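Chemist: Predicted structure and sequence below. I'll ask about it afterward.
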Amino acid sequence: MAHASVTRIELAHELPRAVLALGGETKNTLCCAAGRRACVTAPLADLGAAADYDTFLHRVHTWPRELGISPDVLACDLHPEYISTKTAARPDVWPHARRIAIQHHAAHIAACAAAENIWHACWGLACDGTGYGTDGTLWGGEILRGSITCGFTRIARLRPLHLIGGTAAIREPWRIALALAHAAGIDWKKPDGVPDEAWRVAQTLCDNARLPRLYSSSLGRLFDGVSALLGIACYATHEAQAAFALEQCAGTAPGEPRLPLPWARATDGVIEFDWRPLIHTLWNDAASSPCHALAARFHDSVAAAFIQFCAAHGGPACVVCGGGVFFNRRFARTVQTVAEHCGLRCSLPRALPPSDASLSLGQAVLAAFTPASAAAHRAD
């Protein structure tokens, strides 16, 4: 394997066992970690592509030996349908290594923490499109607390939003916008370009609570929905297209006055940020405010609400960030600015990207410290 294709991370703490981590489904990387070194491969676009999977499988079988590492542990994502997770279950893949599944967002935070040498207790702000949660639901707008050596606990989340039509909502963010409008009591009219029949079916799915529904606490999906609600992007042909259009619309516009996201403890004990008042206010102001001002206020309001929650609840003085939403420069900059104002240290991903390409490093360090009696790392 070419030297230039590997990112080497020097760890501040010795790992108690050697780990081969298999990463996620897209932007897949492997991480071999032992002692105080961790090596991460260049990402593969999608393990669903035959060529990428062949490369992945070859790496899994040969790369640890090339590095002189015999893994004690094989780490993977918690999602049972990820190809990398299914590969970890194969008996011919490092058969003597113990298998440990690591929750997606805990891995995001641990990756940034390990790369930035943050081994003490910290807050974790994990924001992405979707990741499989320990409760079997889709996460993506999460506040965690803990450390690499002790693990992470989920403290708070965004109120789950309805993905009308399931995964179709990712390609057609107008579906998310319709769900947001419905939940916030907004009479949102059909956007131009949306077929009448698709609109009628989506309205039926939205109105009838007895029909099966897919929910997600994803901040990435909330960005998509707001983009469509404001008429910026109702369709997406590539990843994060609607969210990026919302960021571009916001530009450098002032984000004041920021709007609150009230929170309360949900029935499962997790604190939940309610985006409905924010959506309702943005919509009411749409008649009198330019779109860039609304987009800016949305960015800054969510970023500030998350950080101010951490500051108000005491404990760790550091916030570690991870997940693809942190490609959004406006959001990341506001998170860092508000954290500094609140007296918190903020660490953004630098050595590795905030995307799923960093998952394998997080999986590796968390799995290394997972007790032998544990079948999977907990983040709930």
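Modeler: Cool, the structure landed.
Chemist: longest single helix anywhere in this protein?
Modeler: Criterion DSSP state H: the longest helix present in the chain is helix 291-312.
Chemist: if I look at the nearest residue to Ala250 once chain neighbours are set aside, how far off is Ser301?
Modeler: What sits nearest to Ala250 in space, not counting adjacent residues and going by CB to CB, 6 or more residues apart in numbering, is Ala295, at 3.8 Å. Just so you know, the C-beta spots here come from the backbone N, C-alpha and C atoms, and that holds for glycine as well. To Ser301, Ala295 is 11 Å away according to CB to CB, to the nearest Å.
Chemist: Low-confidence stretches in the stretch 151-300 of the chain?
Modeler: The model of the stretch 151-300 of the chain has no residue with pLDDT under 70.
Chemist: Report the buried residues of the helix or strand where Leu178 lies.
Modeler: If you go by DSSP states H and E, Leu178 is part of helix 174-184. Across helix 174-184, burial judged by 16 or more other CB atoms under 10 Å covers Trp174, Arg175, Ile176, Ala177, Leu178, Ala179, Leu180, Ala181, His182, Ala183, Ala184.
Chemist: For Ala50, state which of those residues is nearest.
Modeler: Distance to Ala50 across the buried residues of helix 174-184 (CB to CB) is lowest for Arg175, with 30.9 Å.
Chemist: Can you tell me how far that closest one is from Ala169?
Modeler: The gap separating Arg175 from Ala169 is 4 Å, by CB to CB.
Chemist: Quick one: neighbours of the closest residue to Val73 other than its chain neighbours, just the number.
Modeler: Counting by CB to CB, 6+ apart, Val73 lies nearest to Val19, which is 4.5 Å off, once chain neighbours are set aside. For Val19, the count of nearby residues is 30 (other CB atoms under 10 Å).
Chemist: who does Val19 bridge with?
Modeler: With beta bridges defined as DSSP bridges, Val19 has these partners: Ala33, Val73.
Chemist: Kindly provide the whole-number mean pLDDT of stretch 313-323.
Modeler: In this model, stretch 313-323 has an average pLDDT of 96.
Chemist: is it true that the residue nearest to Val73 touches Leu366?
Modeler: No. The pair Val19 / Leu366 is not scored as a contact, 9.0 Å apart, by CB atoms under 8 Å.
Chemist: how about the host helix or strand of Thr204: buried residues?
Modeler: Applying DSSP H and E as the criterion places Thr204 in helix 196-207. By 16+ other CB under 10 Å, the buried positions in helix 196-207 come out as Trp199, Ala202, Leu205, Cys206.
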